[in-house]
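*Asks:* Sequence below, structure please.
(one chain, ligands or ions: 2)
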Amino acid sequence: MEGKIERTFIALKPDAVQRGIVGEVMDRLERAGLRIAALKMVQASDEVLEEHYSEHVDKDFYDSLAEFMKEGPVIAGVVEGVEAVAVVRKIVGATEPYEAAPGTIRGDFSHMSMEHADERGKAVKNIIHAAGNPEEAEEEISIWFDEEEIHQYERVDDFHIA
Ligand code: UDP
Ligand code: MG
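*Replies:* Ligands and ions are numbered 1, 2, ... in the order given. The predicted structure is shown next:
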């Protein structure tokens, strides 16, 4: 991969699938010109979630987070583009939906506060996960995907970023 073209890992969480907004969420990424390099529906296992959320495994909210992430299938994906990790985080918005700016995925499709979720012992249902930095992205891609599941192809608008 050349220059600042990089890939990131995303997962549309069970709330996005249950609410039937997978298409709308993916549209946000596609229309920014990002390339979908891999996409699949997966029922997350405890093992995968413990690896994926290894930084959170020992935290108080982990059990409720794992329970939420197993409520139904997720849509796991690899998205590629210029500075893709930071760009996707920007499109996704802040972790807490209450704080997430309008125009971001979390700000437009959810509104829950961390406090409200905590009081109920629930995870914050915030639609989508996106890797926080390039190292995390490569690690998460390797947890969820085999390299042969990740595709290379040209988008018709590639000449805009060449
Ligand atoms: N989370 C939660 N309660 C908390 C902190 C986090 O339910 O107090 C959930 C929330 O779904 C969040 C995920 O755990 O998206 C991972 O947390 P992180 O701080 O890594 O946020 P993210 O990287 O997803 O923005
Ligand atoms: Mg995180």
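
*Asks:* Would you mark the buried spots in stretch 116-126?
*Replies:* Residues 117, 123-126 are the ones in stretch 116-126 that count as buried (16 or more other Cβ atoms under 10 Å). C-beta: built from backbone N, CA, C; applies to glycine.

*Asks:* Present those as a markdown table; the columns should include distance to residue 132, pLDDT and secondary structure.
*Replies:* Written out in a markdown table, the entries for the buried residues of stretch 116-126 read as follows (distance: Cβ to Cβ, whole Å; pLDDT from 0 to 100; DSSP: H, G, I helix; E, B strand; the rest coil):
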| residue | distance to residue 132 | pLDDT | secondary structure |
| --- | --- | --- | --- |
| 117 | 20 | 97 | helix |
| 123 | 17 | 98 | coil |
| 124 | 16 | 98 | coil |
| 125 | 19 | 98 | coil |
| 126 | 14 | 98 | coil |
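
*Asks:* Any stretches of this protein with poor pLDDT?
*Replies:* Judged by pLDDT under 70, the chain has its weakly predicted residues at 1-3.

*Asks:* where exactly do the helices run in the protein?
*Replies:* Listed in chain order, the helices of the chain (DSSP state H) span 14-19, 22-31, 46-52, 62-69, 84-92, 105-109, 114-119, 134-144.

*Asks:* got the residues of the protein near ligand 1?
*Replies:* Residues of the chain lying close to ligand 1 (Cβ under 6 Å from any ligand atom) are 56, 61, 65, 95, 114, 117, 123-124, 126, 129, 132.

*Asks:* Greatest separation within those residues: which pair is it?
*Replies:* Greatest spatial distance among the residues of the chain next to ligand 1 (Cβ to Cβ): 117 and 132, at 19.9 Å.

*Asks:* Run a quick neighbour tally on residue 97.
*Replies:* 24 (other Cβ atoms under 10 Å).

*Asks:* returning to that earlier point: of the helices of the chain, which is nearest residue 162?
*Replies:* So among those, helix 84-92 is nearest, using Cβ to Cβ, at 15.9 Å.

*Asks:* who touches the closest one?
*Replies:* Under the criterion Cβ atoms under 8 Å, 6 or more residues apart in numbering, residues 5-8, 10, 28-29, 32, 34, 79, 81, 104-106, 128, 130-134, 137 lie in contact with helix 84-92.

*Asks:* Go ahead and confirm residue 29 touches residue 39.
*Replies:* No. Contact criterion Cβ atoms under 8 Å: residue 29 and residue 39 do not qualify, at 10.4 Å.

*Asks:* For these two, indicate the residue with more neighbours.
*Replies:* A count of neighbours by other Cβ under 10 Å puts residue 29 above the other of residue 29 and residue 39, at 24 against 17.
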